[in-house]
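Asker: next one to model:
(one chain, ligands or ions: 2)
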Amino acid sequence: MFQPDLLAGKVVLITGGGTGLGRTMAQRFLSLGARVAICGRREAVLEKAVSEMSASTADGDHTFADRIFAMTCDVRDPASIEALIDGIIHRFGQIDILVNNAAGNFISPTVRLSPRAIDSVLNIVLHGTAYMTLELGKRWIAHQQSGVVLNIVTTYASTGSAYVVPSAMAKAGVLALTRSLAVEWAPYGIRHVAIAPGPFPTEGAWSRLAPTPELADHMVDRIPLKRVGDPTELANLASYLVSDFAGFINGEVITIDGGEWLQGAGEFNDLRHVTDEQWDHLREMTQK
Ligand code: HXC
Ligand code: NAP
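Answerer: Numbers count the residues shown, from 1 in each chain. Ligands and ions are numbered 1, 2, ... in the order given. Below you'll find the model as predicted:
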């Protein structure tokens, strides 16, 4: 559905781009002509991702090897972020698009959490996203360069959710950051957008949020479309949102969840379990 050069000339930085949704976005952006930088804490994971993506091609001829770059970075550490951005600029000369995708999360009753457990999620998701956005935004503004920031949040950034409370707090903060900077930095030509995914079965998420088959099946039951998301569907949405074709979308969050959160929200949505026979009876009662 996209022009093959949709992102040609753009340099995209994806935090947490060595695994899961970040990795799928990296692959998609490469296939649309971008140069892509990925980061994460584990060097071996990044090396594997780079070697696999380098070997792939868009046209069966030219590989992506000269358009992919990886460097370890801990987004909780501002010095590490500075070194990463210096490294990417040294390699590609610029950064046009930032995807704040790195995250930490796990299910737990809140009463069981230690202060360190709360910080472990808040530091990656809320502080990491803010540090990364601030470091790059300051440079864009100083050099009068425009840019796009895409923040990956979740549907419960808006609704809240039990049993993932630090994540809900952090993602709500990232959504507030998105909407706030969409206004404050628009005069500099910097656009902010967000994607709120429902369940996409990545290894990182499922091992921490749905570690049993029962919990994984329950994820599907909650979705009106009766399936989980395919990471390429999210990567396509991301490609559009960071592209110039979405140039007038600013401060918006797009949900991609098969209708999941709405099903949980609608007052009468559970009536889908009512049988035809029961409906006959109910009609008699209500029409009377
Ligand atoms: C209770 C836990 C815990 C758990 C860790 N802790 N896991 N407490 N239940 N399952 C506690 C530890 O005991 C410790 O507290 C504190 O948290 C820090 O733990 P560390 O292991 O030292 O933290 P760290 O090495 O910084 O790792 C961060 C992490 C880890 C978040 C805990 O899971 C991680 O690295 N995650 C990165 C990838 C990830 O989470 N991906 C999923 C994203 S999916 P004490 O007090 O004991 O020292 C997502 C949205 C999904 O975000 C939505 C689906 C619909
Ligand atoms: P994932 O594979 O675990 O991705 C998380 C990435 O973040 C990993 O590559 C991890 O690499 C990196 N990361 C974690 N802490 C970091 C740090 N301190 N510094 C730098 N990088 C760090 O999980 P995913 O499912 O693809 O999640 C991607 C994004 O989608 C997250 O923002 C998540 O909240 C969001 N999301 C996912 C789902 C879903 O169902 N999968 C639903 C809603 C939202 P290292 O561990 O090597 O650092």
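
Asker: so, in contact with ligand 1 or not, the helix or strand hosting residue 21?
Answerer: Here residue 21 sits within helix 20-31, counting by DSSP states H and E. No - using Cβ under 6 Å from any ligand atom, helix 20-31 never reaches ligand 1; the gap is at least 7.3 Å. C-betas here are computed from N, CA, C, even on glycine.

Asker: pick out the residue in the protein sitting closest to ligand 1.
Answerer: Using Cβ to the nearest ligand atom, the closest approach of the chain to ligand 1 is made by residue 104 at 2.7 Å.

Asker: tell me, how many residues neighbour that residue?
Answerer: 18 (other Cβ atoms under 10 Å).

Asker: check the secondary structure at it for me.
Answerer: Secondary structure, DSSP: H, G, I helix; E, B strand; the rest coil: residue 104 is coil.

Asker: packing partners for the helix holding residue 21?
Answerer: strand 11-15, strand 35-40, helix 43-55, helix 203-209, helix 231-242 (3 or more Cβ pairs under 8 Å, 6 or more residues apart in numbering; DSSP states H and E).

Asker: gap between the residue nearest to residue 153 when sequence neighbours are not counted and residue 63?
Answerer: Distance criterion Cβ to Cβ, 6 or more residues apart in numbering; nearest residue to residue 153, sequence neighbours excluded, is residue 171 at 4.5 Å. Counting by Cβ to Cβ, to the nearest Å, the separation of residue 171 from residue 63 is 36 Å.

Asker: could you check which of the two has the larger neighbour count?
Answerer: Remark: of residue 171 and residue 63, residue 171 carries more neighbours, 29 against 16, as counted by other Cβ under 10 Å.

Asker: so that one sits against residue 125, correct?
Answerer: Yes - between residue 171 and residue 125 there is a contact under Cβ atoms under 8 Å: 6.3 Å.

Asker: if we go by neighbour counts, what in the lowest-mean-pLDDT helix or strand in the chain is buried?
Answerer: For the chain, using mean pLDDT, DSSP states H and E, the weakest element among its helices and strands is helix 213-221, scoring a mean of 94. Residues of helix 213-221 classed as buried by neighbour count (16 or more other Cβ atoms under 10 Å): 219-220.

Asker: how about the nearest residue to residue 96, chain neighbours excluded?
Answerer: Nearest to residue 96 is residue 10, by Cβ to Cβ, 6+ apart, at 4.5 Å.

Asker: for the one you found, list the residues it contacts.
Answerer: The contact partners of residue 10, taken as Cβ atoms under 8 Å, 6 or more residues apart in numbering, are 29, 33-35, 96-97, 242.

Asker: and the pLDDT at the residue of the stretch 151-288 of the chain found nearest ligand 2?
Answerer: Per Cβ to the nearest ligand atom, the residue of the stretch 151-288 of the chain with the smallest distance to ligand 2 is residue 204, at 1.9 Å. At residue 204, the predicted lDDT confidence score is 98.

Asker: next up, phi/psi of the residue nearest to residue 63 when sequence neighbours are not counted, please.
Answerer: Nearest residue to residue 63, sequence neighbours excluded (Cβ to Cβ, 6+ apart): residue 57, at 5.0 Å. Backbone torsions for residue 57, taken as degrees, to the nearest 10, come to phi -140, psi 160.
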